[in-house]
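Participant: I'd like to go over a predicted model; first the sequence, then the structure.
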Amino acid sequence: MPILAVPFALPLAKETNIDRSHIQSKAFQVRGVARMEADRLTLEWSGSVEITEIHDGSVRNLRQSVPAQRLVLPAARIAMIELRGRWWKPYIELRTTGIGPLELMPTAMAGRVLLRITRRDWGVARELVSHVQLEMADAALKDAERVEH
């Protein structure tokens, strides 16, 4: 099986703090890639935060990098993966069997994360999701056979 890779972005909100004559605005941008390797889904991401500070009439812009992160999910730890939003803001919805596996991932809540994709990547994303679902079914079958014996 060829390695399937789908680029994604994480939807992050802008953060603004106002304190008397000091205003600080942070805009986060996180991008990554979801890849199926054998029976594991690998998510890798990194990004940046752009900080704008206004203090007593002066403006300062900073850009800081967010370190690269990597998460490897065996098919047995994935509870659900679906491709949604065909034409309007397409994304992959991923849920894990617990909250632990996704705790390091920005925007993940209660074992669920949304990976935004572009429309042009819809075809490869559909293929990736199908392969993950197939591996999930295979893992469930192996687990059921183990319980029977």
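Facilitator: Structure received. Quantities reported herein were computed from a predicted structural model and do not represent experimental measurements.

Participant: Okay, buried residues for the one helix or strand residue 8 maps to please.
Facilitator: Counting by DSSP states H and E, the secondary-structure element that holds residue 8 is strand 4-10. The neighbour-count check on strand 4-10 (16 or more other CB atoms under 10 Å) flags 4, 6-10 as buried. Every C-beta, even on glycine, is put in place using the N, C-alpha and C of the backbone.

Participant: now stretch 116-123
Facilitator: Neighbour-count burial for stretch 116-123, counted by 16+ other CB under 10 Å, picks out 116-117, 121-122.

Participant: try stretch 11-31
Facilitator: Using 16+ other CB under 10 Å as the burial criterion, the residues of stretch 11-31 that qualify are 26, 28, 30.

Participant: Which secondary structure element of the chain has the lowest mean pLDDT?
Facilitator: Per-element confidence for the chain was summarised using mean pLDDT, DSSP states H and E. The lowest value among helices and strands belongs to strand 15-19, with a mean of 86.

Participant: Quick check: pLDDT value at the nearest residue to residue 93 once chain neighbours are set aside.
Facilitator: Leaving out its chain neighbours, the residue that sits closest to residue 93 by CB to CB, 6 or more residues apart in numbering is residue 82, at 4.9 Å. With respect to pLDDT, residue 82 has a value of 96.

Participant: In contact with residue 82, which residues?
Facilitator: Listed by CB atoms under 8 Å, 6 or more residues apart in numbering, the contact partners of residue 82 are 92-93, 129.

Participant: Just the residues you listed: which are in helices?
Facilitator: Using DSSP state H, residue 129 are the members of the contacts of residue 82 that sit in helices.

Participant: Specify which member of the contacts of residue 82 is nearest to residue 39.
Facilitator: Using CB to CB, residue 129 comes nearest to residue 39 of those, at 14.9 Å.
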